[in-house]
Each structure stands twice: as C-alpha cells, then as structure tokens.
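Trainee: Sequence and predicted model, in that order:
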Amino acid sequence: MHSGTFLTQFILEEQRSIPNATGDFTGLLNDIVTACKTISHLVNRGGLIDILGTAGTENVQGEGQKKLDVISNEVMVKSLEWTGHLAAMASEEVEGIISIPNQYPKGKYLLLFDPLDGSSNIDVNISVGTIFSILRCPDGVPEPTEKDFLQPGTQQVCAGFCIYGPTTMMVLTTGHGVNGFTLDQDIGEFILTHPNMTIPKDTGEFAINMSNQRFWEAPVQRYIEECIQGKEGPRGKNFNMRWVASMVAEVYRILTRGGIFMYPWDSRDPSKPGRLRLMYEANPMSFIVEQAGGASSTSQQRILEVEPEGIHQRVPVILGSKNEVERVVAYHKEA
Ligand SMILES: O=P(O)(O)OC[C@H]1O[C@](O)(COP(=O)(O)O)[C@@H](O)[C@@H]1O
Ligand SMILES: [Mg+2]
Ligand SMILES: [Mg+2]
C-alpha cells in the first residue's frame, strides 16, 4: 500500500486478501474508526465544552472516572451496538459484558476496549487514546458471556489504538504488520502515513514510573539501575528516560523510535498482578508490538499466551525493543 491511501480503502484491500470475506470485519473496523473520530473531536474541544474534570463516579477497577472516560465509553457503545457486526462488547469502564440490545442484529465478533487511555492526562492536555481488541465469538453462542471473551491474545483478529495528540493517529494490525494513519481534519479521513512500522531491536530509552522504584522486584531494580549507570556501568552506554503516563503515547513512541516500556509487578498491593489490564490494554498493545518486530512479556511469559481468567484482570507489562525485553526476562530467570 502506498502512503496517501485512505484507511477505508486500506481495510477494503485487506478484506479482498481474505478468502470468503463477508465484509463484516470491514464494517466493524469502519464503525470503530467513526467512534474514534467522534472521540477525537470531543477531546480536541476540551475546555470549550463541559468534558474536562471528574464524573464523580467510580469504575469496576475502583478508580475515579473522568467525564471523558464515561463519554468516550458511551460513544463507543452507541456507535457499535446497532451495526450488526458484534455479538457483544466489554469495556474498561463497565463491570459486566455489554450485550447487544435485542432490537439490533448480532454479528460474529467480540470487541474489548479501553475507551480513554491515559485518563490522568485529560485535564492537563497531554496525549490520550482509545485501545481496542477484536476476537471471534465462538460458534453457536447466541448470547455471549464473560467466558466467551476469555481467549488468549494469540486469538486476536485485529488490534489497534487511536492516539489523540498533536495529530490524531490510528495504529492497526490484523496480523500482517503494523500501519499508522493520520486523521486529515479537513476531509475527516485517516490517511496512511506510516506504513509497516517496525521497532528497532536495540534502544537507549526506557519508560517506567520511577516513583514506584522502592516497590519493584530485584530484577527490575537491577535493570533500571544499570540503565541509569549508563556508560560507566555494565551496559557501557547511556540511557534516556521517558514517562508520559499514557500507554498509547509510550507505545506510539516505541513504534516510532524504539524503547522499552515497563509497568511491572510491585509490592504496593501484592494482591494485584500489575496496573495494566490484560484484555484491553496489554493484549492489543502486545499484538501490535510483536507485529512490529518487538517483544512483550509479563517477565515470566509472553503476554499473548496468558490464559485469561477475567475481563478486567491485570498483568505486569514489559514491552518494546526485543533485545531489551529479553534482557529483563533473563534477569528474572537468573533471580
Ligand atoms: O499513573 P501511573 O502509575 O503513572 O500509570 C500510568 C498508566 O496508567 C494508565 O493511564 C492506565 O490507563 P487508563 O487511563 O485507561 O486507566 C496507562 O495509560 C498509563 O501507562
Ligand atoms: Mg488504559
Ligand atoms: Mg481508560
């Protein structure tokens, strides 16, 4: 595909490469694109319309919801429930499965999404995004339940994220590499601007929330300590650090210039396996990172092979440039 291709055309071309394709998948992706364009518009309006600040409610994670968490969740559900491509949905902001109202036809796909990623950055005008993962609904299941969603990340049909930053971009994979599209606000279309995004195997840039350092396990302490020691230390090279606190922005940076992003297990709340959610953050981002030549691990196993136990379960996340991720995993094995 040459740069300048419209996303709609790109999706249609992809569909043509799938034997007996019905157009269901293409239709679903177009619905998601429409929802993200709507959220992009709202995010961009910010203080001009009453969408900043807290909603005064809590989600299933026990986190305070921002108005935009609730609004973007509503936009996703309302844009997708009637179109006939989905059997059911699941969202970071909704405890149970979101079923398709009876008046609408059902489709063969399951959608999981984080409607607004990087919520702590909304009010301070830093990039946020939407993350999504598409699975097939098991055959013969008219009314999917949570267990039908509990498929390992290797079963994803498609994963993507939209980042609402200086430009609005959509990053997608259907298992044939990773492509980035920029929203042309003038014509309201996503245009292919970043074909075949790939992550360099090596990097000199790490991203982790350093304020949690005292709670990390020894292998993570060792890895970060060695990065900080730089040229004078065992790594013999200097490292730079970044932390945006929006996973979409961290992953987009890594897709653009490499790097390693870590949100490891920490002892702040030992009962919690991690901060980030497997089904609508770690799995879609891991599919994208691996398709771009990177790696993604819990420190013990490939994230995409984790057997899910619940739609809101959390996992430790270490992803990015392959050689660095493998080094962190090796430090855990040695420990
Ligand atoms: O506030 P912290 O500990 O730096 O965590 C930041 C992380 O939390 C998140 O904001 C969690 O996602 P949500 O905003 O969707 O809840 C990630 O995007 C980000 O990487
Ligand atoms: Mg998130
Ligand atoms: Mg979120």
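Mentor: Cool, got the structure. Ligands and ions are numbered 1, 2, ... in the order given.
Trainee: Spit out the contact partners of residue 222.
Mentor: Going by CB atoms under 8 Å, 6 or more residues apart in numbering, residue 222 touches residue 331. Heads up, the C-betas are built off the backbone N, CA and C, glycines and all.
Trainee: which bits of this protein sit near ligand 1?
Mentor: With CB under 6 Å from any ligand atom as the criterion, the chain comes near ligand 1 at residues 92, 114, 117-120, 209, 245-247, 275.
Trainee: rerun that using 5 Å as the cut-off
Mentor: Residues of the chain lying near ligand 1 by CB under 5 Å from any ligand atom: 114, 117-119, 209, 245-247.
Trainee: what's the most distant pair in the residues you listed?
Mentor: 114 and 209 (17.9 Å; CB to CB).
Trainee: Who has more neighbours out of those two?
Mentor: Using other CB atoms under 10 Å as the criterion, residue 114 and residue 209 rank with residue 114 on top: 29 against 14.
Trainee: I'd assumed residue 134 was in a strand, is it?
Mentor: Yes: secondary structure assignment places residue 134 in a strand (DSSP: H, G, I helix; E, B strand; the rest coil).
Trainee: surely it meets residue 158?
Mentor: Yes: shown here, residue 134 and residue 158 form a contact pair, counting by CB atoms under 8 Å, at 4.3 Å.
Trainee: Which neighbours do the two have in common?
Mentor: Contact criterion CB under 8 Å, 6+ apart; residues shared by residue 134 and residue 158: residue 25.
Trainee: Can you select the buried ones from the residues of the chain next to ligand 1 in PyMOL?
Mentor: To isolate the buried members of these in PyMOL, using 16 or more other CB atoms under 10 Å:
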select buried, resi 114+117+118+119+245+246+247
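Trainee: Out of the residues of the chain next to ligand 1, which sit inside strands?
Mentor: Among these, the ones falling in strands (DSSP state E) are 114, 117.
Trainee: which residues in the stretch 51-200 of the chain form strands?
Mentor: Secondary structure of the stretch 51-200 of the chain by DSSP state E, counting those that start in this stretch: the strands cover 54-58, 64-66, 86-91, 98-99, 109-117, 128-136, 158-164, 168-173, 179-184, 189-194.
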